[in-house]
Every structure is written in C-alpha cells, then in structure tokens.
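S.K.: got a predicted model here, sequence first, then my questions.
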Amino acid sequence: MSWERQYNRDDINYDTWYTEWMKLIAKTKTMAEIKKELGIVDIEVSKAAKVHHRAIEKSTSMQSNSSGRAQSRNSLSGASEYKSALRGALEIYELFPEHTKP
C-alpha cells in the first residue's frame with residue numbers, strides 16, 4: 001500500500017511492527033497526553049527498579065524474601081511494558097499520523 005511508511009524494509013510496517021496496545025493508545029490519546037503519561041511512567045519505572053534492587057539486596061538465599069522480589073519484579077515489568085507501549089504510540093504519531101487520534 002502506498003500510504004504505509006516503512007523503515008526502508010519491506011517487512012516492517014504499521015500492521016506488523018506495532019502491538020495492538022500501542023495502536024490503541026495512539027488512537028485514544030493525544031500526543032500531549034502520551035508524553036505526559038510517559039513522564040509519569042518514567043518516574044514509576046525508576047522507583048520500581050530501586051524497590052526491586054532493594055528486595056534483591058535483602059535476600060540472603062534463594063528462598064528469602066522471594067515474595068518481595070517477585071512482587072517488585074512484577075511491578076517493574078508492568079511499568080516497563082507500559083512505557084514501551086507509550087513510546088511505540090509516540091512513534092505511530094510520528095510515522096503514521098493517519099492512525100492516531102485527530
């Protein structure tokens with residue numbers, strides 16, 4: 001299709017490169033809203049990483065503090081995935097404005 005912008009590769013385009021989550025964010029939020037959310041999530045990721053590292057440092061064995069490590073890892077993972085989705089949505093705004101919120 002002629003409207004698709006690509007990364008100079010035939011195998012990367014809007015339909016195959018971006019997740020449904022990224023596409024949904026781009027369709028439902030403005031660029032300003034996404035940038036604001038990204039700033040907030042950056043802080044959350046940083047905090048979650050610090051908490052996770054503290055949980056690891058508190059561990060004295062494989063079993064010690066395992067629930068704390070797991071909980072902090074899950075928190076960090078979720079925040080990181082959301083950050084990635086927001087960054088992908090911003091990229092959609094830049095490369096595929098026809099698929100974004102007007």
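M.R.: That came in fine, so what should we check first?
S.K.: distance check, the residue nearest the centre of the chain against Thr16.
M.R.: Geometric centre of the chain, nearest residue: Ser84, 2.0 Å, by C-alpha atoms, centre = their mean. For Ser84, the distance to Thr16 equals 17 Å [C-beta to C-beta, to the nearest Å]. For glycine as for every other residue, the C-beta is placed from the backbone atoms N, C-alpha and C.
S.K.: and for Val45?
M.R.: 27 Å.
S.K.: same drill for these two, tell me which one is more crowded.
M.R.: More crowded of Val45 and Thr16, by other C-beta atoms under 10 Å: Val45, with 19 against 8.
S.K.: phi first, then psi, for that one.
M.R.: With angles defined as degrees, to the nearest 10, Val45 sits at phi -60, psi -40.
S.K.: mind listing what the residue nearest to the centre of the chain touches?
M.R.: Taking C-beta atoms under 8 Å, 6 or more residues apart in numbering as the definition of contact, Ser84 has no neighbours.
S.K.: buried ones in the lowest-mean-pLDDT helix or strand in the chain?
M.R.: When the helices and strands of the chain are scored by mean pLDDT, DSSP states H and E, helix 14-17 comes last with a mean of 87. Buried residues in helix 14-17, counting neighbours by 16 or more other C-beta atoms under 10 Å, are found at Tyr14, Trp17.
S.K.: touching the helix or strand that it is followed by from outside, list them.
M.R.: Under the assignment DSSP states H and E, the closest C-terminal helix or strand after helix 14-17 is helix 20-28. With contact meaning C-beta under 8 Å, 6+ apart, helix 20-28 is reached by 14, 34, 85-86, 88-89, 91-93, 96, 99-101.
S.K.: now swap in stretch 46-66 and tell me
M.R.: Gly68, Arg69, Gln71, Ser72, Arg73, Ser75, Leu76, Ala79, Ser80.
S.K.: since that was my last question, I'll sign off now.
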